[in-house]
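Participant: no sequence on this one, just coordinates:
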């Protein structure tokens, strides 16, 4: 009878430290994992908490490794991105930037990544694309998507499946180079009719900041129209065409070349942003895993000590039942008191 | 870019490639790129000279020599293709797909390449193969001319 009382006492005091604990999993583990050991002795199992700790530690290792990989890839792509930034500047110097041009056929080229775990950059790109779609659609106007990258395809296919003209994935299987991008640009230009192409990508500014950017490229006909209308492109007519081609042909080649240049720079910048975003995402992931591990370790120790206390109590009560009541009562009281004092100290 | 009132004495050039900016904001005296000319026969070697005060121009470049004259120094590049924009304020932008300084080119390989592509042209069956071989011949003969000229 004394044993039962002590056991009940033990379990009640076990449950109250647990309720301090914010970890729900630990509580359920303790409640559901008290088993009957040999000779009918009860022992609280720490197996569940230990398993969880092992898996969280593994996750932490993996995310740390992913962060290192992303950091090293970032370094190499960053150099190439910065070098390629001068590539599209001559075109802007010549033609200016006209994001607000109003045309009938718009094609939105969204650059996203193929792999996930890179933070929110793909969602921002898709959001900007959708906003741009709404802006440019209207009566007599049509807007289409060309999606580069798996993640963009998945997100855009959910509600705009019919507007996706082309989808290109596995862009980064081989390191990005200009030849590959120019072939891609050729492909896109062949398959879509456009008056204006808008490329949406994340521009890399630093390891933690990426800016969603839109680059506009006009088709030769639109360039002609805009130059006649005056404005920024008005001085285009003052440029002579050297080389014996007609103006139209040169402008056509110019537009295609401009598209491939801008696409090259855009895909490099996006790759850079992807690596940077993945680095910070994996970094915060490792940190969270570390914090979770700390909390789980505390719970584990508490559970372990509680189960030791319970066992001790049972043993001593058993022994006291054989030897004498008052002596053992005082002994168990002492032990109980000391153990619970330790546990309370640990909690605070 | 606006037209300045007087002609500047030097030309400022920006020469960019996909993987780096070869020259940026360098002041030079003259520039001679080779613009593309599809109407004339391809074997003609035509050059365009750009001096400070040149009229604004858009030129498409064919494979050929680009020489940059800086005082008495001349740096020669072989350009595969691209565009050159001369702006009214004597800033010239050259965007090329690929460019190498001429001293990095090996003449023996050029000869070999020319021979290879001539042979390919003779043995080509489809239009596509013929076009490929023709392009190879053009580039290599331009390389040849660049090395000798």
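Facilitator: Ah, there it is. The structure displayed is predicted, hence computed values, not measured ones.
Participant: can you list the domains in chain B?
Facilitator: Domain segmentation of chain B under the TED database yields B:11-102, B:105-148.
Participant: pLDDT averaged over whatever helix or strand residue A:106 lives in, what's the number?
Facilitator: Counting by DSSP states H and E, the element that carries residue A:106 is strand A:105-111. Mean pLDDT, strand A:105-111: 88.
Participant: gap between it and the chain center?
Facilitator: Put simply, strand A:105-111 sits 24 Å off its chain's centre (Cα atoms, centre = their mean, to the nearest Å).
Participant: what's the answer for stretch A:131-141, then?
Facilitator: The answer for stretch A:131-141 is 30 Å, by Cα atoms, centre = their mean.
Participant: Check stretch B:97-117 too.
Facilitator: Put simply, stretch B:97-117 sits 14 Å off its chain's centre (Cα atoms, centre = their mean).
Participant: Least confident secondary structure element in chain B?
Facilitator: Between all helices and strands in chain B, the lowest mean by mean pLDDT, DSSP states H and E belongs to strand B:30-32, at a mean of 65.
Participant: Going along the chain from that strand, find the next helix or strand for me.
Facilitator: Once strand B:30-32 ends, the next helix or strand along the chain (criterion: DSSP H and E) is strand B:57-61.
Participant: any idea how far that following strand is from the chain center?
Facilitator: Remark: strand B:57-61 is offset 10 Å from the chain centroid, using Cα atoms, centre = their mean.
Participant: I'd like the average pLDDT over it.
Facilitator: Strand B:57-61 comes out at a mean pLDDT of 78.
Participant: what comes up buried for that strand?
Facilitator: For strand B:57-61, the neighbour count (16 or more other Cβ atoms under 10 Å in any protein chain shown) marks B:57-61 as buried. The way it works is simple: take the backbone N, C-alpha and C, and place the C-beta from them, glycine included.
Participant: Let me know the closest of those to residue A:105.
Facilitator: Relative to residue A:105, the closest of those is residue B:58; by Cβ to Cβ it sits at 24.8 Å.
Participant: Give me the nearest residue to that closest one, chain neighbours excluded.
Facilitator: Spatial nearest neighbour of residue B:58, chain neighbours left out: residue A:239 (5.0 Å); criterion: Cβ to Cβ, 6 or more residues apart in numbering or on different chains.
Participant: and the stretch 51-200 of chain A, which residues reach chain B?
Facilitator: With Cβ under 8 Å from any Cβ of the partner chain as the criterion, the stretch 51-200 of chain A meets chain B at residues A:80, A:83-84, A:86-87, A:89-91, A:93-94, A:177-178, A:182.
Participant: could I get these as a markdown table with neighbour count and pLDDT?
Facilitator: Listed next are those as a markdown table, based on neighbours: other Cβ atoms under 10 Å in any protein chain shown; pLDDT from 0 to 100:
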| residue | neighbour count | pLDDT |
| --- | --- | --- |
| A:80 | 19 | 87 |
| A:83 | 17 | 84 |
| A:84 | 24 | 84 |
| A:86 | 21 | 80 |
| A:87 | 24 | 81 |
| A:89 | 17 | 79 |
| A:90 | 24 | 79 |
| A:91 | 23 | 80 |
| A:93 | 14 | 76 |
| A:94 | 22 | 76 |
| A:177 | 13 | 81 |
| A:178 | 21 | 84 |
| A:182 | 19 | 85 |
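Participant: Make sure residue B:18 is actually in contact with residue A:81.
Facilitator: No: using Cβ atoms under 8 Å, residue B:18 makes no contact with residue A:81, being 11.3 Å away.
Participant: So these two - more neighbours on which side?
Facilitator: Under the criterion of other Cβ atoms under 10 Å in any protein chain shown, the comparison of residue B:18 against residue A:81 puts residue B:18 first, with 24 against 21.
Participant: separation between that one and residue A:61?
Facilitator: From residue B:18 across to residue A:61, the span is 38 Å (Cβ to Cβ, to the nearest Å).
Participant: swap in residue A:280?
Facilitator: In terms of Cβ to Cβ, residue A:280 sits 18 Å off from residue A:61.
Participant: Show me which of the two is the more surrounded one.
Facilitator: Between residue A:280 and residue A:61, counting by other Cβ under 10 Å, residue A:280 is the more crowded of the two (15 against 12).
Participant: Contacts only, for residue 81.
Facilitator: This is for chain A. A:204, A:265, A:268-269, A:271-272 (Cβ atoms under 8 Å, 6 or more residues apart in numbering or on different chains).
Participant: other chain: chain B
Facilitator: Counting by Cβ under 8 Å, 6+ apart, residue B:81 touches B:36, B:60-63, B:96-98.
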